[in-house]
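Engineer: could you work out the structure for the sequence below:
(4 chains)
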Number of protein chains: 2
Amino acid sequence: MAKQTPTPDTNHSNLDQRKASILEAVVAEHVDTAQPVGSSAVTQNAKLEVSPATVRSEMVALERQGYLVQPHTSAGRVPTDKGYRYFVDHLKAGKLGAAKQQHIGDFFASVRGEVEDVLEQTATMLSKLSNYTAVVLGGSSSTAPIVSVQLVNLDAHHQLLVTVFSDGTVLKHSVIVDFEVDHNDVAEASKQLNALLHGTTTADKVQVPSRQDDVATMVRESVAVLHAERPTHEGEQVFIGGSSKVAESMDGVDNVRNVLAILEQELVVVSMIEEVLAEDVAVKIGSENQLETLASCAVIVAPVTVEGETVGAVGLLGPTRIKYSELMATTRTVSEHLTRHFEGDKER
Amino acid sequence: MAKQTPTPDTNHSNLDQRKASILEAVVAEHVDTAQPVGSSAVTQNAKLEVSPATVRSEMVALERQGYLVQPHTSAGRVPTDKGYRYFVDHLKAGKLGAAKQQHIGDFFASVRGEVEDVLEQTATMLSKLSNYTAVVLGGSSSTAPIVSVQLVNLDAHHQLLVTVFSDGTVLKHSVIVDFEVDHNDVAEASKQLNALLHGTTTADKVQVPSRQDDVATMVRESVAVLHAERPTHEGEQVFIGGSSKVAESMDGVDNVRNVLAILEQELVVVSMIEEVLAEDVAVKIGSENQLETLASCAVIVAPVTVEGETVGAVGLLGPTRIKYSELMATTRTVSEHLTRHFEGDKER
DNA sequence: TGCTAGCAGTCAATTCTACTGAGTGCCAAG
DNA sequence: CTTGGCACTCAGTAGAATTGACTGCTAGCA
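Structural biologist: From the prediction side, this is the model:
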């Protein structure tokens, strides 16, 4: 019995050559047609020179191992999340079509304006290019030095701290004190804050006055607010492009509604994206997502890194039935351009 | 023939009492059930003491006049846009249920934070309350005096002008010059701008230096950018709450996608809202909307006015089949609260 | 031992038919 | 002017029959 079996039917993550080809063909076909894929379709599509019957028996094995499922007895097969996962993991880095590459290049060559605008437009562009929903995350700005600080009086107990960073970012924070402030004191506090903080970053420690007068209190409060460890992701900005694509690409009203509901909650979107980044995986497929609601979605994410630090991310959200190869390449390309764009800004 | 006919069957915008009641009943029933309404349903619902047959002949007349339509021969009637319009125009100002009134009151009693946050939360609240998509417009801030101006160097030809207003608004503008700027010049220009603009509003004229050196040029450019007549609605902020409700309330994937696509384009949303406000009408029904895509939608808008000036708006977007009375009351209530909220801020 | 052709079986999707029932329009009588 | 009654229309539904795209299995072949 123990000959040199070329088809060991292991339970491990490896499939023999032919099974892999078949799985690949099923994924490709299903992505294309949205229909269950039958054995004969596979024989026509894949470069395999075997009969449908052979494919069938292989598919039985693939199903037993959890890579495929049958919607019902007399239907073809559809990839499971595990099937997609295998497909994605064994994907050789795809190349992006010249036309799309050109398109992205042109976009970044012509885009102007402030950071927010660039990110927003990137999201829109990526969504149009891919026909799926795009998410762009802009990192917080704690690295840039502070150019100017301004304390603005809103009402007796309520000031607004406006901080301008050298990269053009502006942050606003509410500052609340428990005494009635004097107008001149605010001006004075503003002046002191400027002297104190100009040129520093939010990571730097500064010497705050320890006096107990109103001005000193305001200064202390302001610095505290600004330096406060942000509840995760505060300051992260989220730009979503093409949320209407959800209606096209997902099926089932409930699904559409649920996914849209998630996109409305920026914090959820941020953590969803960061989750993917954290594990250093670029793709989450279906049930791999933490959120149950996204069980029918695939998320592709690429980080934007400047000087080795992750300052943002580019993501795509679509159904699991998606052109992984192309879209992964697209996402990567856009993130690289974005990285270059920001590094370019830095240099100048 | 010329008796004292109490039913003159005019083509004018007036319907006799009974027709009006019937139309009202049809609208009410259809809003409730989403089904075409038959004659007997009307007799049960309306307080009319007439037989279905009578109602039928009246409905024929209403159909001839364009207030109702039949989806097909053997179905009940459905209101047309014109029918809804008549209904809305003859609606006596509805009262809002105590529970909802309470809810809104509680919300505004507890809401804190900066203007943007308040508007954003208002949109979310209104959407949850109504179960439709809410739109909140925050007006531009040209009325508040300037507290501080800061010119930030981004690259050799490229500065960012950050303007802080006394109400806490912050505006950013790009300033581009055609010479290589010196770092010190930027600081000097910043200083001069502050001296020049502090305490003024963007509507005030200021005396700019006419010298031809770099600093003066930057100052002139900056003031010009800041005072530039904004392309309509620049600076308007749009907050959309509950876009996922679109998926629930509109039927037909195409419809959902189209409406979502509109909501993505902030400028379009702004002009849509302003269009309703401009004509001093609170409601646009179906084909009354400029945008064809919104032919199956109703838009309800109420302005937010502070000191007689319209500074924003509150809107709801739903299908034409909507509870006009209640939702108009809701929208009005929220806009009044918002008005009071901002006036309260002003006073302090 | 692995591949393949062929065959019987399964079952979603489609088509057809008949039927139901909500609702109309019209008419004749009150 | 209103109303009851009646014939008619037609979308929607339910059931039966048909189709066809698959499969699993088995027996024969290299």
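Engineer: which parts of chain A sit against DNA strand D?
Structural biologist: Taking Cβ under 7 Å from any atom of the strand as the criterion, chain A approaches DNA strand D at residues A:35-41, A:52-53, A:56-57, A:59-60, A:63, A:70, A:73-77. C-beta coordinates here come from the backbone N, C-alpha and C atoms, glycine included.
Engineer: residue in chain A nearest to DNA strand C?
Structural biologist: Nearest residue of chain A to DNA strand C (Cβ to the nearest atom of the strand) works out as residue A:74 at 2.7 Å.
Engineer: show me what from chain A comes close to chain B.
Structural biologist: A:112-114, A:147-148, A:150, A:152-156, A:160, A:162, A:164, A:166-168, A:170, A:172, A:174, A:241-248, A:253, A:256-258, A:260-261, A:263-264, A:345, A:348 (Cβ under 8 Å from any Cβ of the partner chain).
Engineer: can we see that at 6 Å?
Structural biologist: Proximity of chain A to chain B (Cβ under 6 Å from any Cβ of the partner chain) is limited to residues A:114, A:147-148, A:150, A:152, A:154-155, A:160, A:162, A:164, A:168, A:170, A:243-244, A:247-248, A:253, A:256-257, A:260-261, A:264, A:348.
Engineer: got a ChimeraX select line for the buried ones in those residues?
Structural biologist: Command for ChimeraX, covering only those of the residues of chain A next to chain B found buried under the criterion 16 or more other Cβ atoms under 10 Å in any protein chain shown:
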select /A:114,147,148,150,152,154,160,162,164,168,170,243,244,247,248,256,257,260,261,264
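Engineer: any idea which helix or strand carries the residue of chain A closest to DNA strand C?
Structural biologist: Here residue A:74 is covered by no helix or strand, with elements defined by DSSP states H and E.
Engineer: go on, residue A:203?
Structural biologist: Counting by DSSP H and E, residue A:203 is part of no helix or strand.
Engineer: could you report the neighbour count for it?
Structural biologist: Here the count is done by other Cβ atoms under 10 Å in any protein chain shown, and residue A:203 has 8 residues near it.
Engineer: quick one: the strands in the stretch 101-250 of chain A?
Structural biologist: With DSSP state E, counting those that start in this stretch as the criterion, the stretch 101-250 of chain A has strands at A:133-138, A:146-155, A:158-165, A:170-176, A:237-241.
Engineer: show me what the fourth one is packed up against.
Structural biologist: In other words, strand A:170-176. strand A:158-165, helix A:214-227 (3 or more Cβ pairs under 6 Å, 6 or more residues apart in numbering or on different chains; DSSP states H and E).
Engineer: so for it, what gets flagged as buried?
Structural biologist: Here strand A:170-176 shows A:170-173, A:175 as buried, counting by 16+ other Cβ under 10 Å.
Engineer: distance to residue B:104 and pLDDT added to those, as TSV?
Structural biologist: Listed next are the buried residues of strand A:170-176 as TSV, based on distance: Cβ to Cβ, whole Å; pLDDT from 0 to 100:
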residue	distance to residue B:104	pLDDT
A:170	32	85
A:171	31	85
A:172	26	86
A:173	28	87
A:175	29	87
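Engineer: looking at those residues, spot the one nearest DNA strand D.
Structural biologist: When those are compared against DNA strand D (criterion: Cβ to the nearest atom of the strand), the nearest one is residue A:172, at 53.6 Å.
Engineer: which residues touch the closest one?
Structural biologist: Neighbour list for residue A:172: A:160, A:162 [criterion: Cβ atoms under 6 Å, 6 or more residues apart in numbering or on different chains].
Engineer: beta partners of it?
Structural biologist: Beta bridges link residue A:172 to residue A:162, judged by DSSP bridges.
Engineer: okay, now the unreliable bits of the stretch 201-348 of chain A?
Structural biologist: Scanning the stretch 201-348 of chain A with the threshold set as pLDDT under 70 gives A:229-235, A:280-281, A:345-348.
Engineer: report pLDDT for the residue of chain A closest to DNA strand C.
Structural biologist: Reported pLDDT at residue A:74 in the predicted model: 91.
Engineer: re the thing from before, export the buried residues of strand A:170-176 to CSV and tack on distance to residue B:208?
Structural biologist: Formatted as CSV, those follow (distance: Cβ to Cβ, whole Å):
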residue, distance to residue B:208
A:170, 24
A:171, 30
A:172, 29
A:173, 33
A:175, 34
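Engineer: nearest to residue B:226, of these?
Structural biologist: Using Cβ to Cβ, residue A:170 comes nearest to residue B:226 of the buried residues of strand A:170-176, at 15.2 Å.
Engineer: one step back: can you count the residues close to the residue of chain A closest to DNA strand C?
Structural biologist: By the measure other Cβ under 10 Å, the count of residues near residue A:74 is 8.
Engineer: distance of it from residue B:162?
Structural biologist: Relative to residue B:162, residue A:74 is positioned 67 Å away (Cβ to Cβ, to the nearest Å).
Engineer: same check on residue A:295?
Structural biologist: From residue A:295 over to residue B:162 (counting by Cβ to Cβ), the distance is 44 Å.
Engineer: hmm, back to that, would CSV of the helices and strands packed on strand A:170-176 with distance to DNA strand C be doable?
Structural biologist: CSV is the format used below for the helices and strands packed on strand A:170-176 (distance: least, Cβ to the nearest atom of the strand, whole Å):
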stretch, distance to DNA strand C
strand A:158-165, 56
helix A:214-227, 58
